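**Student:** Sequence plus the predicted model coming up.
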Amino acid sequence: MSVASVLSAVGRLAEETEFDPNQVTPGFEGFIFTGLLAAGIIVLGFLLVRRLRRNSYRAEVREQIERELAERDGGDAPGESGDAGDAAGRDPEPRG
């Protein structure tokens, strides 16, 4: 059975069937499906916000650790003037 024959059979059935447009409703099943779909979208929204917030916190902590390591490495080596600023005594530019 080909797709064309199935479509023609459905088309003939649709033409033969008459209905009152005022009586066509999604019914109880449509109401439940719409509610479940809305609840699923809301849950997905909460999960997305939680994941984005977690990634943001991880990025902030990663940057803080990198800054602390740069400060520690720059302050532990006596006699090296890599991050000690220039001759005028200005602070070095922050790494980013």
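**Tutor:** Great, that's in hand. Numbering: from 1, shown residues only.
**Student:** So which residues of this protein form helices?
**Tutor:** Here the chain has its helices, by DSSP state H, at 3-16, 27-76.
**Student:** just checking, which of the ones you listed comes out with the lowest mean pLDDT?
**Tutor:** Ranked by mean pLDDT, the helices of the chain end with helix 3-16 at the bottom, a mean of 78.
**Student:** mind checking how far the most centrally placed residue in the chain is from Arg54?
**Tutor:** The residue lying closest to the centre of the chain (CA atoms, centre = their mean) is Leu48, at 4.6 Å. Going from Leu48 to Arg54 by CB to CB, to the nearest Å gives 11 Å. Where C-beta positions appear, they are placed from N, C-alpha and C, glycine not excepted.
**Student:** and what of Asn22?
**Tutor:** Relative to Arg54, and taking CB to CB, Asn22 is found at 51 Å.
**Student:** And for Thr25?
**Tutor:** Thr25 is 43 Å from Arg54, by CB to CB.
**Student:** now Ala38
**Tutor:** Taken as CB to CB, the span from Ala38 to Arg54 is 25 Å.
**Student:** Can you give me the pLDDT of Ala84?
**Tutor:** Value listed for Ala84 in the pLDDT field: 49.
**Student:** make that Gln23, sorry
**Tutor:** Here, the pLDDT recorded for Gln23 equals 75.
**Student:** tally of neighbours for it?
**Tutor:** By other CB atoms under 10 Å, 6 other residues sit near Gln23.
**Student:** C-alpha coordinates for stretch 59-67, CSV please?
**Tutor:** Taking Å, rounded to 0.1, in the frame of the first residue of the first chain, the C-alpha atoms of stretch 59-67 are listed here in CSV:
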residue,chain,number,x,y,z
ALA,A,59,33.5,30.3,35.7
GLU,A,60,33.7,32.8,38.6
VAL,A,61,35.5,30.3,40.8
ARG,A,62,37.8,29.3,38.0
GLU,A,63,38.7,33.0,37.5
GLN,A,64,39.2,33.5,41.2
ILE,A,65,41.6,30.5,41.4
GLU,A,66,43.6,31.7,38.4
ARG,A,67,43.9,35.2,40.1
